[in-house]
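A.B. asks: what's the 3D shape of this:
(chains A and B)
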Protein chains: 2
Amino acid sequence: MSEKIIVIGGTAAGLSAASAAKRLDPSLDVTVFEKSGYISYGACGLPYYIGGVVGAVNDLISLNVEQVTKERNIKTFICHEVIYIDRVKHSVIVRNLKRGDESKYLYDKLVIATGAVPILPQIPGIQSHGVYTLRNIEDGIKLREALIRVPNQNVAIVGGGFIGLEVAEELAQSGHHVHIYEALPGILSFLDAEYSQLVQDELNKHGVKVSTGHAITAIRTESGRVIGIDLDDGRECPADLIVMCIGVRPQSDLVREAGIKLSVRDTIATDNQMRTSDPMIYACGDCTHAYHIVTGKPVYIPLGTTANKQGRVAGRNIAGYKEHFPGVLGSIVTKVFDFYIAAVGLSLRQALDAGYKATICKIVKGDRASYYPGSRDTHLALIFDTENGKLLGAQALGASTVAGRINMLAACITAGMTVAQVNSIDLVYAPPVAPVYDPILIAASQAIKLVR
Amino acid sequence: MSEKIIVIGGTAAGLSAASAAKRLDPSLDVTVFEKSGYISYGACGLPYYIGGVVGAVNDLISLNVEQVTKERNIKTFICHEVIYIDRVKHSVIVRNLKRGDESKYLYDKLVIATGAVPILPQIPGIQSHGVYTLRNIEDGIKLREALIRVPNQNVAIVGGGFIGLEVAEELAQSGHHVHIYEALPGILSFLDAEYSQLVQDELNKHGVKVSTGHAITAIRTESGRVIGIDLDDGRECPADLIVMCIGVRPQSDLVREAGIKLSVRDTIATDNQMRTSDPMIYACGDCTHAYHIVTGKPVYIPLGTTANKQGRVAGRNIAGYKEHFPGVLGSIVTKVFDFYIAAVGLSLRQALDAGYKATICKIVKGDRASYYPGSRDTHLALIFDTENGKLLGAQALGASTVAGRINMLAACITAGMTVAQVNSIDLVYAPPVAPVYDPILIAASQAIKLVR
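C.D. replies: Numbers count the residues shown, from 1 in each chain, chains lettered A, B, ... in the order given. Predicted structure coming up:
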């Protein structure tokens, strides 16, 4: 009899795990249960769907249930929620959310890819009509409908992280009046304070208002509908619609109840083969931790890239291939309007907290030869250990070219390079593409002077 | 008495050497002799000057003689050619090209930064009116004048390397009828043949004709003016104006006569501190060789980035700082119209010639999430050692983002990474910037399958 693999969750991590396992060992009997009505969608594209840059919700979906079932030979059930794991009997209880009935399924190996859910603060009015989150396809459809129904709404975005900013950009571009409320002193709080301000300036330039340093304390309503928010400094701010973007938490309740070991911020603990404390159970994606490549410590940085890769590693290990997930650097990029923000590794704060004698070196440099038209400033910061020069992190703001520069520094951090070694790399040059001394080399040569 | 430093050549390498030496040791007495009428110019910008993208010749010049003399305290002479080096007496003979007189100058240390000159084939008609090269400012001024004088000329560009292509793009954009003649089987001959064809297709799409596989045998003239070229297959092709772009050779005659050791392709041999075989004489820039980081062998890859860095290293060593030039990877980028070409490290041919059991792995992948508008194909090739997986080179074609991807792979090659290690790097992702699996990761994961 073929080995039974049950996967809980049918998006990035879960479907990657199921597909990798089945592809490498076609004898496996693989079943996926997905709670929502959709599988295999690009959740990171949701801000662009609600803004209309992505026209149809189907564009975000790579594979439908039929394709996965027929082409990949994976039994796939949507609107099916796993509500109980019995580790002794190797079984799960699954509820059919449409019919309401429950069934028991046996597994030989189980994959937890339950993802994460938006954090909602326990404040008055949080359940009101007009308060939205943006996590899955259903969220996206609801929010887009609400936005299209009434033009030029006052939209309050609570949380100035990546998702908040992407939503703000998209809604401002579709004519709404957008105000971001961030409780921390600056938006994109992992960024250097000066860089955070540059992003805020860019948002302001395009009509997006930003308030920082004050938390929202209540959502005000009239006849059950949102009319505004209250801030902790007493301000009352009008809002027709609220999008909550203060972050996510791992969906780990099911495994917690099953007695599986948890890690930082209630993530599921795994080894680098994505095995949990139960040798028959794997976990991957936004419900798990990952080891940081710089510090070696477990962190919670839920990202689509990591979810896909962890899923694949889990699937390959289940199929008998010994494969390790190498860990994360927290490499991220986004844009607001035509201004791009990318970062990798530790921020200065994180580096100091981790015990490094770290400092930051910031430079501004055009991204083309000075005489070639269209050059734009690249703001580049290197965070490094002043004891030995080791590169620990980097942040870059400017044109879309910051993505490539941060990827290049991701390679350097992965290789354990010092800033002097970074400075010795032979980079490309042509007047329309880069200055003769790339911003990376300018930054590295400045950083070298601060080592030891 | 202060130590006398004489630098022969006042562009990238020479001026970098002079400036670094004087900055670090202000007691030095530094003199620069430049043969042409210009110093400190961005030669790589010349194609964009003749095309009009760069408006004025002065835009290409970073510093004039007065600035270098006054602000940097470096005695600077233009139109002064060093015609003889006396290594025994530590002196040089310098000819003032405007007045014609000669003077002798003593040196304690001498820096050779004489650069390179265009190679001109010894064919009938090569000296005719209407045959141009593009190496220095004077060349650029002459060529631009000739192009502006008569619109819609038939321009023959002889040589399909980077400079030839950049000139072709610029002249096609300014309305001339451009035909590139490349004697080798394909343009940009270091590229994979399929990639070379993609570039050729792009040129054709924009009206630039390309002939490959046939050398020119003569330049036909009428009353001393160019009217066409003859190819080795008997074809006669009309041309009003010819730009010779078949490459450059190092200007090393002066040091050869002085008995200093030469290296590959008549370059000046140096160690990694840029010292020649005479301990009092340094050399840097396009007149010297460099050590290839992958093979460790001396190569001749004259580029502006290398010239600047080698100059700085020479200057710092002269000032008493022990500094090494780390070598080159041949990292290059250019564009034709909106199509970018970048490469680093060894081509497959070079890798096989160097004795590696190498292969190439090529992929095509969009450079954004598939559902995000504006995604463009990235063509990416990895060249690697099938014995141990070590990355030896890479080539990329597509949007301007290829530059950042090749820089990232330059970091990987410098770190000695295998394709498996490249595949483990945590790269950035956002729908408008990159797909969830970056083209680099797609290529690396394919390459892994070909190792061992």
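A.B. asks: Residue A:167 versus the residue nearest to residue A:152 when sequence neighbours are not counted, what's the distance?
C.D. replies: Counting by CB to CB, 6 or more residues apart in numbering or on different chains, the nearest residue to residue A:152 once its immediate chain neighbours are dropped is residue A:175, at 5.6 Å. (Each C-beta comes from the backbone N, C-alpha and C, glycine too.) Using CB to CB, to the nearest Å, we find residue A:175 at a distance of 14 Å from residue A:167.
A.B. asks: And for residue A:241?
C.D. replies: 11 Å.
A.B. asks: Can you get me the start-to-end distance on stretch A:58-66?
C.D. replies: Its first and final residues considered, stretch A:58-66 spans 14 Å by CA to CA, to the nearest Å.
A.B. asks: Is there any residue in it that contacts chain B?
C.D. replies: Yes - judged by CB under 8 Å from any CB of the partner chain, stretch A:58-66 comes into contact with chain B at A:59, A:60, A:62.
A.B. asks: number of nearby residues for the residue lying closest to the first one once chain neighbours are set aside?
C.D. replies: If I follow you right, that is residue A:59. Once its chain neighbours are removed from consideration, residue A:59 has its nearest residue in residue B:371; the separation is 4.1 Å (CB to CB, 6+ apart). A count of neighbours around residue B:371, defined by other CB atoms under 10 Å in any protein chain shown, yields 21.
A.B. asks: And for residue A:265?
C.D. replies: By the criterion of other CB under 10 Å, residue A:265 has 14 neighbours.
A.B. asks: Could I get the full set of helices for the stretch 51-200 of chain A?
C.D. replies: Secondary structure of the stretch 51-200 of chain A, counting by DSSP state H, counting those that start in this stretch: helices at A:65-71, A:137-149, A:162-173, A:193-205.
A.B. asks: Single out the most deeply packed of those.
C.D. replies: Scoring the helices of the stretch 51-200 of chain A by mean neighbour count under mean count of other CB atoms under 10 Å in any protein chain shown gives helix A:162-173 as the most buried, with a mean of 24.
A.B. asks: before we move on, back to that, can you redo the helices of the stretch 51-200 of chain A as CSV with mean pLDDT?
C.D. replies: Below are the helices of the stretch 51-200 of chain A laid out as CSV (pLDDT from 0 to 100):
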stretch, mean pLDDT
helix A:65-71, 95
helix A:137-149, 96
helix A:162-173, 97
helix A:193-205, 98
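A.B. asks: Let's have those helices in a markdown table, adding distance to residue A:421.
C.D. replies: As requested, the helices of the stretch 51-200 of chain A are arranged in a markdown table below (distance: least, CB to CB, whole Å):
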| stretch | distance to residue A:421 |
| --- | --- |
| helix A:65-71 | 45 |
| helix A:137-149 | 44 |
| helix A:162-173 | 30 |
| helix A:193-205 | 25 |
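A.B. asks: Quick one, which of these gets closest to residue B:312.
C.D. replies: Across these, the minimum distance to residue B:312, taken as CB to CB, is reached by helix A:193-205, at 29.1 Å.
A.B. asks: so what secondary structure elements neighbour that closest one?
C.D. replies: Secondary-structure packing of helix A:193-205 (3 or more CB pairs under 8 Å, 6 or more residues apart in numbering or on different chains; DSSP states H and E): helix A:162-173, strand A:209-212, strand A:332-336, strand A:339-345, strand A:377-385, strand A:391-398.
A.B. asks: Tell me which of the helices of the stretch 51-200 of chain A lies nearest to residue B:376.
C.D. replies: Closest among the helices of the stretch 51-200 of chain A, once you apply CB to CB, is helix A:162-173, at 21.4 Å.
A.B. asks: Just give the closest residue to residue A:377, not the sequence neighbours.
C.D. replies: Across the structure, with CB to CB, 6+ apart as the measure, the residue nearest residue A:377 apart from its sequence neighbours is residue A:364 (5.2 Å).
A.B. asks: What's the local residue count around that neighbour?
C.D. replies: Residue A:364 - counted by other CB under 10 Å - has 13 other residues nearby.
A.B. asks: Now it: which helix or strand?
C.D. replies: Counting by DSSP states H and E, the secondary-structure element that holds residue A:364 is strand A:358-366.
A.B. asks: tell me which residues in that strand are buried?
C.D. replies: Residues A:358, A:359, A:360, A:361, A:362, A:363, A:365, A:366 are the ones in strand A:358-366 that count as buried (16 or more other CB atoms under 10 Å in any protein chain shown).
A.B. asks: Skip the chain neighbours and tell me the closest residue to residue A:360.
C.D. replies: residue A:348 (4.5 Å).
A.B. asks: In this model residue A:383 seems to touch the one you found, though I could be wrong.
C.D. replies: Yes - under the criterion of CB atoms under 8 Å, residue A:348 makes contact with residue A:383 at 5.2 Å.
A.B. asks: Okay, and the beta partners of residue A:288?
C.D. replies: In this entry, residue A:288 is beta-bridged to residue A:268, by DSSP bridges.
A.B. asks: Relative to chain B, how far out is it?
C.D. replies: For residue A:288, the distance to chain B equals 15 Å [CB to the nearest CB, to the nearest Å].
A.B. asks: elements contacting the lengthiest helix in chain A?
C.D. replies: Scanning chain A for the helix with the most residues, using DSSP state H, yields helix A:304-318. Under the contact definition 3+ CB pairs under 8 Å, 6+ apart, helix A:304-318 sits against helix A:12-24, strand A:109-112, strand A:281-283.
A.B. asks: Export it to CSV, keeping only CA atoms.
C.D. replies: Listed in CSV are the C-alpha atoms of helix A:304-318, where the atom choice follows Å, rounded to 0.1, in the frame of the first residue of the first chain:
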residue,chain,number,x,y,z
GLY,A,304,6.5,34.0,-0.1
THR,A,305,10.0,33.0,-1.2
THR,A,306,10.7,31.2,2.1
ALA,A,307,7.4,29.4,2.1
ASN,A,308,7.9,28.1,-1.4
LYS,A,309,11.4,26.9,-0.7
GLN,A,310,10.6,25.4,2.7
GLY,A,311,7.6,23.6,1.1
ARG,A,312,9.9,22.1,-1.6
VAL,A,313,12.5,21.0,1.0
ALA,A,314,9.7,19.3,3.1
GLY,A,315,8.4,17.6,0.0
ARG,A,316,11.8,16.4,-1.1
ASN,A,317,12.6,15.0,2.3
ILE,A,318,9.3,13.2,2.4
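A.B. asks: returning to what we had before: which of residue A:348 and residue A:383 has more residues huddled nearby?
C.D. replies: The neighbour count for residue A:348 versus residue A:383, taken as other CB under 10 Å, is higher for residue A:383 (29 against 20).
A.B. asks: residues contacting that one?
C.D. replies: A:345-348, A:351, A:358-360, A:391-395 (CB atoms under 8 Å, 6 or more residues apart in numbering or on different chains).
A.B. asks: Now for the residue nearest to residue A:373 when sequence neighbours are not counted, how many residues are close by?
C.D. replies: Nearest residue to residue A:373, sequence neighbours excluded (CB to CB, 6+ apart): residue B:53, at 6.5 Å. Around residue B:53 there are 19 other residues, counting by other CB under 10 Å.
A.B. asks: give me every residue that touches residue B:53.
C.D. replies: Contacts here follow CB under 8 Å, 6+ apart; on that basis residue B:53 touches A:372, A:373, B:170.
A.B. asks: and the residue of the stretch 301-450 of chain A at minimum distance from chain B, which of the three is it?
C.D. replies: The shortest separation between the stretch 301-450 of chain A and chain B is 1.3 Å, found at residue A:404 (distances taken as CB to the nearest CB). Secondary structure for residue A:404, judged by DSSP: H, G, I helix; E, B strand; the rest coil, is helix.
A.B. asks: What is the helix or strand in which residue A:49 is found packed up against?
C.D. replies: In this structure, residue A:49 is located in helix A:46-50 according to DSSP H and E. Judged by 3+ CB pairs under 8 Å, 6+ apart, the packing partners of helix A:46-50 are helix A:137-149, helix A:162-173.
A.B. asks: Export those to CSV and append columns for distance to chain B.
C.D. replies: Written out in CSV, the entries for the helices and strands packed on helix A:46-50 read as follows (distance: least, CB to the nearest CB, whole Å):
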stretch, distance to chain B
helix A:137-149, 12
helix A:162-173, 8
